[in-house]
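Engineer: sequence plus the predicted model coming up.
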Amino acid sequence: MLLGKRLGLVTAALWALVGWAAEKNIVVVIADDLSPTMGCYGDMTMVTPNIDRLAADGTLFRYAFATTASCSASRSVVLSGLHNHRNGHYGHLHSYHKFSSFPWVKTLPVLLAKAGYRTARIGKHHNGPEDIYFFETKIPGNSRSTVEMANNCEEFIKADSDKPFFLYYATSDPHRGGGRANELEHQPDRFGNKPNKGAYPGVQEVFYDPAKVTVPPFLPDTPETRAELAQYYQSTSRVDQGLGRLMEILKKNGKWENTLILFTSDHGMAFAGGKTTVYEGGLRVPFIVRNPYQKERGNTNNAMLSFVDITPTLLDFAGGYDAETQAAKPELATMTADRRTKKGPYKFHGRSFMPILAEKNPEGWDQIGASHTFHEIQMYYPMRVVRDRKYKLIWNIAHPLPYPFASDLWAAPSWQAQWKKGPTAPYGKKTVREYIQRPQFELFDISTDPNEGVNLAGDEKYAEVLKEYKTKLKSFQNATQDPWVMKWKYE
């Protein structure tokens, strides 16, 4: 009895010390392969009323970036606050790909559990090892059936507990999948949609006319592309309805006014030029944060955010972040950060954006870095990026190699239609040949050329700019302990 009382007092003292309380619930909603193609981002064809409502009640970020446009690798960054070249998750987890994070990595669910949170995940996870990315509760559910997913979360949300909760709700929509829709013109990928206008339980499927979809500038405006985008749009509307049901459940159970919701995607859409690239189509993501304690609502924030900022921010909201050291508080993360040298919590590669959440044009949020190495294990093609408001530099480290395709992107009708026309066929702002065989450096004036159409790296007028941004890129790599930084010296 005495021991139990002492443990209770220690727990109470710890909670008082760091400020955790049941009024600090967290929900992360992460879609799969979703670009900022919804009403609140200016796409008037896409039907996403719930995402739009969330934006109207929170903060919408216009310049949010994944650090890599690959599923497992990107999610590892979301949940660790470290670039994947540092946390060890260089590519996919599943099957023979076999990538996973180092044993010293401390992830968001583990840190929040130490903070006294109940933690649960549902849907797509795709990270490992299990003990490093450990959630106490695994809620079952078909990750395509988004409304069912939300319904399955209700028991966890409404559980009688003094603890706050962290819910990681991850759809497989609008990822490619389900085979080809052979009954439709141009046989597009189904993007998880049921054939013959079928619907998932609780979902009012939204069907789109290919002639009315918006074709992003990095894609060719062809019948095949439009046919596939119509399927992508339908799948995205299903994400929206799952979010809407989740919002209803939070309100119904009295959790709406004390729950922070972060909505995003692991990276951009699954089309060549988007997913697996470090072009804007791959890295730019939707990013909406509703802080229930924020007075200013419905604002647009122009800060340049990166996925390495997510874990520090959510820890900050929970009271477990040290802004001075940019690390988790020691009582959460005492551990061997580098097995050869120091002990204790390590510095995240990102920082908390909680202090600037209500601002529109915060100072000091003007540069991001990106890092891609693998998608599938056969796809070795390391790329490193530094981007600010003016320029973007891409270093294609393995540039003598042809750019490798994810199996589903290679088979996509939107790509195959142009591939079959030959190397000079247009593909967005490039040709098929230019897309496949890339130069060592790609330098874009992103302020005047947002669609990355003109590579300035070979232009003598930009020699000093190129030199300056190479220096910035090396600094980014050194600061984040990127093993590939040695390629500057040895290749």
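Structural biologist: Alright, I've got the coordinates. Residues are numbered from 1 along each chain as shown.
Engineer: now the strands for the stretch 1-150 of the chain?
Structural biologist: Remark: strands assigned in the stretch 1-150 of the chain by DSSP state E, counting those that start in this stretch are 25-31, 59-65, 118-123, 137-139.
Engineer: let's test this: name the helix or strand in this structure with the lowest mean pLDDT.
Structural biologist: Counting by mean pLDDT, DSSP states H and E, the chain has its least confident helix or strand at helix 2-18, which shows a mean of 42.
Engineer: shaky segments in the stretch 301-450 of the chain?
Structural biologist: Within the stretch 301-450 of the chain, the stretches with pLDDT under 70 are 334-344.
Engineer: run through the helices of it in chain order.
Structural biologist: In the stretch 301-450 of the chain, helices defined by DSSP state H, counting those that start in this stretch lie at 310-318, 330-333, 407-411, 413-419, 432-436, listed in chain order.
Engineer: check the offset of the third one from the chain's centre.
Structural biologist: Offset of helix 407-411 from its chain centre (CA atoms, centre = their mean, to the nearest Å): 21 Å.
Engineer: with respect to residue 489, which of the helices of the stretch 301-450 of the chain lies nearest?
Structural biologist: With CB to CB, the closest approach to residue 489 among the helices of the stretch 301-450 of the chain belongs to helix 432-436: 27.9 Å. For glycine as for every other residue, the C-beta is placed from the backbone atoms N, C-alpha and C.
Engineer: contacts for that closest one, please.
Structural biologist: Residues outside helix 432-436 that contact it (CB atoms under 8 Å, 6 or more residues apart in numbering) are 272-273, 402-403, 418-419, 421-428.
Engineer: pull out the buried residues from those.
Structural biologist: Among the contacts of helix 432-436, those classed as buried by 16 or more other CB atoms under 10 Å are 272, 273, 403, 418, 419, 425, 427, 428.
Engineer: make a markdown table out of those and add distance to residue 349.
Structural biologist: Listed next are the buried ones among the contacts of helix 432-436 as a markdown table, based on distance: CB to CB, whole Å:
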| residue | distance to residue 349 |
| --- | --- |
| 272 | 28 |
| 273 | 26 |
| 403 | 26 |
| 418 | 37 |
| 419 | 37 |
| 425 | 39 |
| 427 | 33 |
| 428 | 30 |
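Engineer: take those residues and keep only those in strands.
Structural biologist: Assignment to strands by DSSP state E places the following of those there: residue 427.
Engineer: and the angle from the longest helix anywhere in the chain to strand 118-123?
Structural biologist: Determined from DSSP state H, the single longest helix within the chain is helix 223-252. Put simply, helix 223-252 runs at 150 degrees to strand 118-123, going by axes from the mean of the first three to the mean of the last three CA atoms, to 10 degrees.
Engineer: how far off centre is helix 223-252?
Structural biologist: Worked out by CA atoms, centre = their mean, helix 223-252 lies 17 Å from the chain centre.
Engineer: and that helix, what does it pack onto?
Structural biologist: Packing partners of helix 223-252 (3 or more CB pairs under 8 Å, 6 or more residues apart in numbering; DSSP states H and E): strand 25-31, helix 49-56, helix 146-152, helix 154-158, strand 259-265, helix 413-419.
Engineer: buried residues, that helix. List them.
Structural biologist: Per 16+ other CB under 10 Å, helix 223-252 contains these buried residues: 224-250.
Engineer: can you tell me how far the residue nearest to residue 77 when sequence neighbours are not counted is from residue 66?
Structural biologist: Closest residue in space to residue 77, ignoring its immediate chain neighbours: residue 307 at 4.5 Å, by CB to CB, 6 or more residues apart in numbering. Counting by CB to CB, to the nearest Å, the gap between residue 307 and residue 66 amounts to 5 Å.
Engineer: neighbour count: these two, which is higher?
Structural biologist: Using other CB atoms under 10 Å, the more surrounded residue of residue 307 and residue 66 is residue 307, with 31 against 28.
Engineer: just checking, the more buried one touches residue 76?
Structural biologist: No - counting by CB atoms under 8 Å, residue 307 sits too far from residue 76 to count as a contact (9.5 Å).
Engineer: list phi and psi for residue 163.
Structural biologist: Reported as degrees, to the nearest 10, the phi and psi values for residue 163 are phi -80, psi 150.
Engineer: give the burial count for it, as a bare number.
Structural biologist: With other CB under 10 Å as criterion, residue 163 counts 17.
Engineer: check the gap between the closest residue to it other than its chain neighbours and residue 437 for me.
Structural biologist: Of all residues not flanking residue 163 in the chain, residue 118 sits nearest, at 5.0 Å (CB to CB, 6+ apart). Between residue 118 and residue 437 the computed distance is 51 Å (CB to CB).
Engineer: over to residue 385?
Structural biologist: Residue 385 is 19 Å from residue 437, by CB to CB.
Engineer: compare the two and say which is more crowded by neighbours.
Structural biologist: residue 385 (23 against 15).
Engineer: which one of the buried ones among the contacts of helix 432-436 is nearest to residue 475?
Structural biologist: Using CB to CB, residue 403 comes nearest to residue 475 of the buried ones among the contacts of helix 432-436, at 26.2 Å.
Engineer: quick check on the closest one: phi, psi?
Structural biologist: Dihedral angles for residue 403 - degrees, to the nearest 10 - are phi -60, psi 130.
Engineer: what's the neighbour count on the closest residue to residue 440 other than its chain neighbours?
Structural biologist: Among residues not flanking residue 440 along the chain, residue 399 sits closest, at 4.4 Å (CB to CB, 6+ apart). By other CB under 10 Å, 19 other residues sit near residue 399.
Engineer: list the contacts for residue 399?
Structural biologist: Residues counted as contacts of residue 399 (CB under 8 Å, 6+ apart) are 438, 439, 440.
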